[in-house]
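Asks: heads up, no residue letters with this:
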């Protein structure tokens, strides 16, 4: 039976010697040197109770049986058998029916019967019932019950398999060979277990180690050692699992938004329509705040990223999405939990249309070792604004796990609901139809999803340590951290964003600035047309967003202010990217209701647009119409003003009221 009584005569080790506990002297313990120990003068010691407890150690309970049942209560047959066994111990009747006082039955009265007689009587009583057992087995159950109570009795009546490892008693040299073979498979093409078994046996034979077990047993050993390695699964999953450090994972202490930011790029799982009409998969670059799980900035690129792409993305983050010049502001209402008044005071460019995207200043950015992130352009941009840039170890996605997980969140909550979704893997890809979304429309649609759905959806990653049962939305978490942060983040101006854009050297013509078959003009160019700059080639430095050709910027040589020059074609025809950006953007879903309601409303708007787009495409295909060029050509009757109207015949069918059909020209 379990006890914490240190009996007289028991041995305790102290000062590398064995001592015998012989009694108490008041509140102190008396110990004598045990027989066989070297004789010394101090063969008797008197210890205080704390010192004796330290030497004797804590009482250890036997761990063979559980103290409490694992699930619910003890089984019914265990509790019932416990009552019968208790009756054989002290005579307590199983049911009070012998007398009003609960006197024991005569055959179980401990004052008049012996234990063996009571056990024999109980075996006869239980015969023919569900608890029937032999007298010998009943003695074993009684001994277990006396030693450990119902827990020990349950272990006897319902024995469970002892949890041990299959390789617990295997030769360590054999296990070393198994681990070596499995470790070499990390970067090799995926093979099956038969090859691994062959390699293990061959290496064991060369090392003089005999493996006298069957292949079936060897497969069990391999299955236990391969757990978590994905040795016989997908090679990509295996290599990713191998990058996980073999150490304890600890959570960094992050106290404010922007304290730790991660950035990464990935091919987006969606086919878009290019300016040439051909489908392509864009690249998504995401800058992610680990404290609040909020994206600071993002960008969709039609080609592989370069250093200046990330510099422009950094410019978008440090000035806020609303302040980015040349970009249409988001038209979504702000979340009610954001600190609007404080944010509006420190950022004059923010208004109710842009507060749905919180402003976060990045203090430290972690990126992988790609050439685009290691470029001097991006590094110099971070250095110019006092932002620390950390490069992750090669092939270690665990150095930036939050942004890696964010890509999965975007795929599951946003991308898979769009037409043209590629499935994320070739094996998951279906029959793809013609792409619907353009790059600019995708960017605005993604901003809508982030503002209306994602930022207002509770996340398992955002839990208060004092209330781990509650989950918070990114907006709520940002609002809470914003109020307790040490300072207020001061955003930069739009001029800082322009300064980080790539430079094009151009001349100023009479009609404006010519870049890539586009002409940009502004009233601010008056007085600068046809003038040469003081540079060697006489050209001016023109700033342009790499993937937004709506406008360019040129610094005035005298005032130093940036002159925004807009594409002249936008004054009389809708450019393709503006057309798609407005026509492909559904109305903003309402913020009222639960996050699921916002997600449903968002999906409804997407499906409505895609349905209309497919209907128009099918109608055009049935009519066998010729695709229209990028720039819309005027169609229908047009007003014609002749050079000489004096000879105009009003009765002529050609010049009827000054109208003419273009097909008759």
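Replies: Ah, there it is. As the structure is a computational prediction, the values presented were derived from the model and not from experiment.
Asks: rest of the way, CA atoms for contacts and neighbours
Replies: Will do.
Asks: for the stretch 1-150 of the chain, what spans make up the strands?
Replies: Here the stretch 1-150 of the chain has its strands, by DSSP state E, counting those that start in this stretch, at 11-14, 17-25, 28-33, 44-48.
Asks: go through those strands and pick out the most buried.
Replies: Of all these, strand 28-33 has the most neighbours on average by mean count of other C-alpha atoms under 10 Å, namely a mean of 20.
Asks: that older thread, to residue 281, which of the strands of the stretch 1-150 of the chain lies closest?
Replies: If you check each of these against residue 281 by C-alpha to C-alpha, strand 11-14 wins as the nearest, at 72.9 Å.
Asks: point out where the stretch 451-600 of the chain drops to low pLDDT.
Replies: 486-493, 547, 570-595 (pLDDT under 70).
Asks: mind giving me TSV with the strands of the stretch 1-150 of the chain and columns for mean pLDDT and distance to residue 456?
Replies: Output for the strands of the stretch 1-150 of the chain, formatted as TSV (pLDDT from 0 to 100; distance: least, C-alpha to C-alpha, whole Å):
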stretch	mean pLDDT	distance to residue 456
strand 11-14	84	63
strand 17-25	87	67
strand 28-33	89	66
strand 44-48	88	63
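Asks: got CSV for those, with distance to residue 364 too?
Replies: As requested, these are arranged in CSV below (distance: least, C-alpha to C-alpha, whole Å):
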stretch, distance to residue 364
strand 11-14, 55
strand 17-25, 58
strand 28-33, 61
strand 44-48, 57
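Asks: which one of those lies closest to residue 193?
Replies: Using C-alpha to C-alpha, the nearest of the strands of the stretch 1-150 of the chain to residue 193 is strand 11-14, at 51.8 Å.
Asks: so what's the gap between that closest one and the chain middle?
Replies: 54 Å (C-alpha atoms, centre = their mean, to the nearest Å).
Asks: mind listing the strands for the stretch 501-650 of the chain?
Replies: Using DSSP E, counting those that start in this stretch, the strands of the stretch 501-650 of the chain run over residues 503-506, 513-515, 518-521, 540-544, 551-555, 562-567, 638-639.
Asks: save the ones you listed as CSV, and put in distance to residue 121 and mean neighbour count too.
Replies: Below are the strands of the stretch 501-650 of the chain laid out as CSV (distance: least, C-alpha to C-alpha, whole Å; neighbours: other C-alpha atoms under 10 Å):
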stretch, distance to residue 121, mean neighbour count
strand 503-506, 102, 15
strand 513-515, 107, 18
strand 518-521, 107, 20
strand 540-544, 100, 21
strand 551-555, 101, 22
strand 562-567, 105, 20
strand 638-639, 117, 12
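Asks: can you pull out the helices in the stretch 151-300 of the chain?
Replies: Assigned by DSSP state H, counting those that start in this stretch, the helices in the stretch 151-300 of the chain fall at 172-184, 193-206, 215-225, 235-242.
Asks: ignore the last one, the stretch 501-650 of the chain
Replies: Going by DSSP H, counting those that start in this stretch, the stretch 501-650 of the chain shows helices at 576-583, 595-623.
Asks: likewise the stretch 301-450 of the chain?
Replies: Counting by DSSP H, counting those that start in this stretch, the helices of the stretch 301-450 of the chain are 307-319, 340-346, 376-384, 401-413, 439-452.
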